[in-house]
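[1] just need the structure, nothing else, for what follows:
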Amino acid sequence: MSTLRFLKGHGTENDFVIVPDADGALDLDARHVAALCDRRAGIGADGLLRVVRSAKDPAAAHMADEAEWFMDYRNSDGSIAEMCGNGVRVFARYLVESGEAAPGDLRIATRGGVKTVRVPADGGDVTAEMGSARFPGPDGIEVTLPDGTVRPAVNVNMGNPHAVVFVDHLDDAGTLYTAPPVTPASAYPEGMNIEFVVDRAPGHVAMRVHERGSGETRSCGTGACAVMVATARRDGAELPATYTVDVPGGRLVITEFADGRVEMTGPAVIVAEGEVDLARLTMRG
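    Residues are numbered from 1 along each chain as shown. Just a heads-up that it's a prediction; the model follows:
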């Protein structure tokens, strides 16, 4: 493997390198992924989406009867993540635009389970079924802000772990180059994404996020869903409830239904495609 075909896409500026690998022939290790996602020496992205048939990947073979395609998602540092909400919309857009799937409802396997994604034929916003939120606890989780202020956080799991913190101003979160301290650390044994949230209007919030393995990103789909359900609980909202969630890269609309299902709607765009010579990438580690 020397030359690799790729595409580039984003959802609310949460951007991804897309690597078609229908038959699971590629062996992309963490160093390859990190090099491809490097914004100065590589293509540049928040993460990588490998497009592989579920039956061809050991991590997804047990879901092959439910979903033909598996989204093998990697963070920009090469680590594996369970789920990516913006990524699954971009993944579905790729399947439709490449002719691998028809517009409409697609079933996509992820490490967070099988997700249904609705891709309209007119090229409009994509809606992803995100499953139900879980609140695994424990109570008493706190995040320390850069100025030393300690704020309570809500532990929300959307197939991956989140700590949702309500703040007065989004810049209270600081630079987010590194993850702010979270206690107790034992609440997140595999790390977490941290969302900082402010109110804009009834049913309308804005957020910034530090994503595990990627740093601050322009958007986080599962994070926006975690923010929505945490805010709805805080507000005592009656379900179904819909919130608008502004992220630095755009806007997402999140609905939680009475049965607990969460849906997210937002843009998904493929912007480029090409080939990269892996031998020219700088491998670290």
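[2] where exactly do the helices run in the stretch 151-285 of the chain?
    Under the criterion DSSP state H, counting those that start in this stretch, the stretch 151-285 of the chain contains helices at 221-235.
[3] and Gly87, what element?
    When elements are defined using DSSP states H and E, Gly87 is found to belong to helix 85-97.
[4] continuing past that helix, what's the next helix or strand?
    strand 104-110.
[5] report the inter-axis angle for that next one versus helix 85-97.
    Going by axes from the mean of the first three to the mean of the last three Cα atoms, to 10 degrees, strand 104-110 is angled at 130 degrees with respect to helix 85-97.
[6] quick one: distance of strand 104-110 to the chain centre.
    The chain centre lies 15 Å from the centre of strand 104-110; the measure is Cα atoms, centre = their mean, to the nearest Å.
[7] ditto for stretch 188-199
    13 Å.
[8] quick one: average confidence on stretch 141-152?
    For stretch 141-152, the mean per-residue pLDDT is 96.
[9] mind checking the end-to-end distance for that stretch?
    6 Å (Cα to Cα, to the nearest Å).
[10] how many residues are close by the nearest residue to Ala241 once chain neighbours are set aside?
    In this structure, Ala241 finds its nearest non-sequential neighbour in Ala232, 5.0 Å apart by Cβ to Cβ, 6 or more residues apart in numbering. From N, CA and C alone the C-beta is placed, and that goes for glycine too. Burial measure for Ala232: 20 neighbouring residues, criterion other Cβ atoms under 10 Å.
[11] give me the pLDDT for Ala232.
    pLDDT, Ala232: 98.
[12] that one contacts Glu256, doesn't it?
    Yes - because the distance of 6.0 Å satisfies Cβ atoms under 8 Å, Ala232 is recorded as touching Glu256.
[13] any shared contact partners between those two?
    Jointly contacting Ala232 and Glu256 under the rule Cβ atoms under 8 Å, 6 or more residues apart in numbering are Leu239, Ala241.
[14] the stretch 101-250 of the chain: strands as residue ranges?
    Read by DSSP state E, counting those that start in this stretch, the stretch 101-250 of the chain holds these strands, from start to end of the chain: 104-110, 113-119, 126-132, 142-144, 150-157, 161-166, 182-183, 193-201, 204-211, 215-217, 241-247, 250-256.
[15] please identify the most buried of those strands.
    For these, average neighbour numbers computed from mean count of other Cβ atoms under 10 Å are highest in strand 161-166, which has a mean of 25.
[16] partner strands of that one, with direction?
    Strand 161-166 sits in its sheet next to strand 150-157 (antiparallel), strand 193-201 (parallel), going by DSSP bridges.
[17] show me what contacts Val205?
    By Cβ under 8 Å, 6+ apart, the contact set of Val205 is Val197, Val198, Asp199, Val227, Met228, Thr231, Tyr243, Thr244, Val245, Asp246.
[18] mind putting those in a markdown table, distance to Glu273 included?
    Conversion of these to a markdown table gives the following (distance: Cβ to Cβ, whole Å):
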| residue | distance to Glu273 |
| --- | --- |
| Val197 | 35 |
| Val198 | 37 |
| Asp199 | 40 |
| Val227 | 32 |
| Met228 | 33 |
| Thr231 | 38 |
| Tyr243 | 34 |
| Thr244 | 32 |
| Val245 | 30 |
| Asp246 | 30 |
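[19] which members of those residues are the farthest-apart pair?
    Across the contacts of Val205, the longest distance by Cβ to Cβ is 14.0 Å; it joins Val198 and Met228.
[20] in JSON lines: the strands of the stretch 101-250 of the chain, plus distance to Asp57.
    Formatted as JSON lines, the entries for these read as follows, by distance: least, Cβ to Cβ, whole Å:
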{"stretch": "strand 104-110", "distance to Asp57": "9"}
{"stretch": "strand 113-119", "distance to Asp57": "14"}
{"stretch": "strand 126-132", "distance to Asp57": "20"}
{"stretch": "strand 142-144", "distance to Asp57": "35"}
{"stretch": "strand 150-157", "distance to Asp57": "24"}
{"stretch": "strand 161-166", "distance to Asp57": "23"}
{"stretch": "strand 182-183", "distance to Asp57": "32"}
{"stretch": "strand 193-201", "distance to Asp57": "24"}
{"stretch": "strand 204-211", "distance to Asp57": "23"}
{"stretch": "strand 215-217", "distance to Asp57": "25"}
{"stretch": "strand 241-247", "distance to Asp57": "30"}
{"stretch": "strand 250-256", "distance to Asp57": "28"}
